[in-house]
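Q: Fold the stuff below for me.
(chains A, B, C and D)
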There are 2 protein chains.
Amino acid sequence: MATAGLGRKIIQVEPRRNFFAQGEPADCIFYLQTGRAKLTVISKSGKEATIALLGPGDFVGEESMAGTPSLRMATATAIVPCTALKIERTEMIRAMHQEYAFSDLFLKFLLARSMRTQADLVDQLFNSSEKRLARILLLMAEFGQPGEAEPLIPKISQETLAEMVGTTRSRVSFFMNRFRKLGFITYNGGIHVKKSLLNVFLHD
Amino acid sequence: MATAGLGRKIIQVEPRRNFFAQGEPADCIFYLQTGRAKLTVISKSGKEATIALLGPGDFVGEESMAGTPSLRMATATAIVPCTALKIERTEMIRAMHQEYAFSDLFLKFLLARSMRTQADLVDQLFNSSEKRLARILLLMAEFGQPGEAEPLIPKISQETLAEMVGTTRSRVSFFMNRFRKLGFITYNGGIHVKKSLLNVFLHD
DNA sequence: AATCCGCTGTGCAATTTTGAACACTTTTCG
DNA sequence: CGAAAAGTGTTCAAAATTGCACAGCGGATT
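A: Numbering: from 1, shown residues only, chains lettered A, B, ... in the order given. Got it, this is the predicted structure:
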C-alpha cells in the first residue's frame, strides 16, 4: 500500500455511518484497514438485505472502477469504528498501472469477492432458509475470529440475520431455538457456535 | 488480444460439451470469441442451477486466476458451437503484467461479472419466482440481440429456465402461460418478448 | 420505581412453493 | 417412417414460508 503512494487520505467512519449510500455517484474506492462494515441493498418496496460483511483488507465500493462513471449499487455502513484509505478513481487506476503488487492485490480481492458472491447465489438457489441460516452463522463465526474451535459471534440482532439470510425475523427466531435445542449453538452473552455440529448439519 | 500475444491456442467446443467441469483443477482460463455457453452448478442433492450465460468477449473460468491452485466451482458448457482462446494461468499473468490494455479488459470484465452476480443475488433475495422469471426473460432477450424492441429468445427449455430462476419446471410453465395471457410474451417458434410490458410488470 | 423501547419467543392463518404425477405434443435419430 | 426421447400444460396434496399479532424480558431513561 505504502509503495503505491496511497497512504494519504485516511478517513474514520463511526458505527452506523455510511462510507457511501446506494444511488450516489461512485467516484472513489475505499480500502478498509481496521473495523467492520456491511454492504446493504434496499428494494423498491423498502425491504433491506445485507449482501456482504467487510473487514480489514477488503476494498469497498469497487463499482467505481467500472468503465463509465456509475452509481453506488449498495450502501456501505460501518458496524464498529473503521479506518480506511479513500482512493480516487483516477489515483486508483494510476496505482494499478504502476505497481504490479498492488494490481495483483486488487485483482485477488475482486476474484475472491466475486466467487464469494457466486457461492451466496448458489446457496440461495439450492438451500432452504434453515440451511442458509446455518451457513451464515458459520461464516460469521469464521469472520469473527478465524480458526477458533468454538467462536463467539459478537452481537447481532435476529433482524439483521434475517436480512442476510433472506427471510423473516420470526423464522430466524424459530430456527435459532431449534439450533439451540440441537446443541449447535449456545447463547451466552453472544452466540457460541459449535462449528463441527453445524457443519455436519449443513452438509446434509 | 493479438498484441498480448495470446492468439495461439484456439479451441472449438461443440454444443453440450464442456470447457471444464465442476471439481476439476483450475489451471487455465478461456476467452470466448464466438458462440454461447452457460455456467452451471450441481448441488450435493443432484439439483442443477444455471448461474450465468456467456457470450463473445466473456472470460470463462476466472477461478483459475485466484491465488493458490484451486478447483472449478462450476461447469462451463457450450450451448452452440464455440470458438475460444485457451490461456494458461502463467501466460495469463504474464500478459496482464505486460499489457495495460489487456489487464484493463480483464478487470472490467471481472467487475461487470461481479456486479451482475450481485444483482442476481439481490434479485433472489427480494423477488418472488414470478418476478425472477420476468427478469431472466428480459435479460435473455437483451443477451440475444441488444436494442431490439421485440426480441426473440433463441430456444430454451422450461427446464433450463427453471434452473436459472431457481424454481421448478411446473412453476415456469404456469408463469409462462400467465405471461402469455397477459400479452407479455408470444410463442412463435421461440419466445418473443414485449420488453415494455414486462418491464412495467417487473418494477411493480 | 415506573416507563419506554428494542429484541426475542411463539402461535397461526394465508400464501407460495415444491415435487411428483399424467396426458399430450414435438424433436430426434436409427 | 416410426419409436424413443425430450419438452409442455396441468393437477394436486404436502411442505415451507410469510406476515401478523401479542406477550415477556432486559436495559436504558426520566
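Q: So the residue nearest the centre of chain A: helix, strand or coil?
A: Most central in chain A under Cα atoms, centre = their mean is A:L53, positioned 1.3 Å from the mean C-alpha point. Under the three-state scheme (DSSP: H, G, I helix; E, B strand; the rest coil), A:L53 adopts strand.
Q: where's the helix or strand A:L137 falls within relative to the chain centroid, distance-wise?
A: For A:L137, the element it lies in under DSSP states H and E is helix A:129-144. Helix A:129-144 has its C-alpha centroid displaced from the chain centroid by 12 Å (Cα atoms, centre = their mean, to the nearest Å).
Q: and that helix, average pLDDT?
A: The pLDDT scores in helix A:129-144 average 91.
Q: can you tell if it touches DNA strand D?
A: Yes - Helix A:129-144 is in contact with DNA strand D by Cβ under 7 Å from any atom of the strand, via A:129-130. Any C-beta I mention is one placed from the backbone N, CA and C, and that applies to glycine too.
Q: Where does pLDDT dip in chain A?
A: Filtered on pLDDT under 70, chain A yields the residue ranges A:1-5, A:7, A:146, A:204.
Q: Longest helix in it, by number of residues?
A: helix A:100-126 (DSSP state H).
Q: what about it, near chain B?
A: Yes - Helix A:100-126 reaches chain B (Cβ under 8 Å from any Cβ of the partner chain) through A:100, A:103, A:107-108, A:110-115, A:117-122, A:124-126.
Q: Of those, which are in range of DNA strand D?
A: Answer for those near DNA strand D: none qualify (Cβ under 7 Å from any atom of the strand).
Q: List buried residues within those residues.
A: Buried members of the residues of helix A:100-126 next to chain B, scored by 16 or more other Cβ atoms under 10 Å in any protein chain shown, are A:103, A:107, A:110-111, A:113-115, A:117-122, A:124-126.
Q: count of neighbours near the nearest residue to A:E24 once chain neighbours are set aside?
A: In space, and not counting its chain neighbours, A:E24 is closest to A:R72: 4.9 Å by Cβ to Cβ, 6 or more residues apart in numbering or on different chains. Residues lying near A:R72 (other Cβ atoms under 10 Å in any protein chain shown) number 20.
Q: Show me how the record splits chain A into domains.
A: What automatic domain parsing lists as the domains of chain A is A:10-125, A:127-202.
Q: Those domains into TSV, with extra columns for distance to B:L85?
A: TSV is the format used below for these (distance: least, Cβ to Cβ, whole Å):
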stretch	distance to B:L85
domain A:10-125	19
domain A:127-202	36
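Q: Of the ones you listed, which is nearest DNA strand C?
A: domain A:127-202 (3.4 Å; Cβ to the nearest atom of the strand).
Q: ok, is the closest one in contact with chain B or not?
A: Yes - counting by Cβ under 8 Å from any Cβ, chain B has neighbours in domain A:127-202: A:G166.
Q: how about the strands in chain A?
A: A:10-13, A:18-20, A:25-26, A:28-34, A:37-42, A:48-54, A:59-60, A:70-71, A:75-78, A:82-88, A:152-153, A:185-187, A:191-193 (DSSP state E).
Q: now for the fourth one, which elements pack on it?
A: For strand A:28-34, the packing partners by 3 or more Cβ pairs under 8 Å, 6 or more residues apart in numbering or on different chains; DSSP states H and E come out as strand A:59-60, strand A:82-88, helix A:89-98.
Q: Try it again at 6 Å.
A: Counting contacts by 3 or more Cβ pairs under 6 Å, 6 or more residues apart in numbering or on different chains; DSSP states H and E, strand A:28-34 is packed against strand A:59-60, strand A:82-88.
Q: What is the neighbour count of A:S196?
A: The local packing of A:S196 (other Cβ under 10 Å) involves 11 other residues.
Q: Please report the distance of it from chain B.
A: Separation of A:S196 from chain B (Cβ to the nearest Cβ, to the nearest Å): 18 Å.
Q: what separates that residue from DNA strand D, distance-wise?
A: 24 Å (Cβ to the nearest atom of the strand, to the nearest Å).
Q: Ok, A:T83 next?
A: For A:T83 relative to DNA strand D (Cβ to the nearest atom of the strand), the value is 26 Å.
Q: what about that residue, distance to A:K9?
A: 11 Å (Cβ to Cβ, to the nearest Å).
Q: likewise A:K38?
A: A:K38 is 22 Å from A:K9, by Cβ to Cβ.
Q: and the two? which has more neighbours close in?
A: A count of neighbours by other Cβ under 10 Å puts A:K38 above the other of A:K38 and A:K9, at 18 against 13.
Q: Is that one bridged to anything, and to what?
A: On the basis of DSSP bridges, A:K38 is bridged to A:L53, A:T77.
Q: DNA strand D contacts on chain A?
A: Checking chain A against DNA strand D by Cβ under 7 Å from any atom of the strand, the hits are A:128-130, A:166-168, A:170-171.
Q: quick one: which of those residues is most hemmed in?
A: Counting neighbours by other Cβ under 10 Å, A:G166 leads these with 22 neighbours.
Q: hang on, A:V165 packs against A:A134?
A: No - the criterion here is Cβ atoms under 6 Å, and A:V165 misses it with A:A134 at 9.5 Å.
Q: Verify the contact between A:E159 and A:R169 for me.
A: Yes - A:E159 lies in contact with A:R169 (Cβ under 6 Å); the separation is 5.3 Å.
Q: ok, the closest residue to A:T167 other than its chain neighbours - contacts?
A: The shortest distance from A:T167 to any non-neighbouring residue, by Cβ to Cβ, 6+ apart, is to A:S129 (4.2 Å). When contacts are counted by Cβ atoms under 6 Å, 6 or more residues apart in numbering or on different chains, A:S129 touches A:165, A:167, A:171.
Q: so how far is chain B from A:S129?
A: 11 Å.
Q: thinking again about what came up before, can you tell me which of the contacts of A:S129 are in helices?
A: Using DSSP H, the contacts of A:S129 in helices are A:165, A:171.
Q: Closest to DNA strand D out of the contacts of A:S129?
A: Checking the contacts of A:S129 against DNA strand D with Cβ to the nearest atom of the strand, the nearest one is A:T167 at 3.5 Å.
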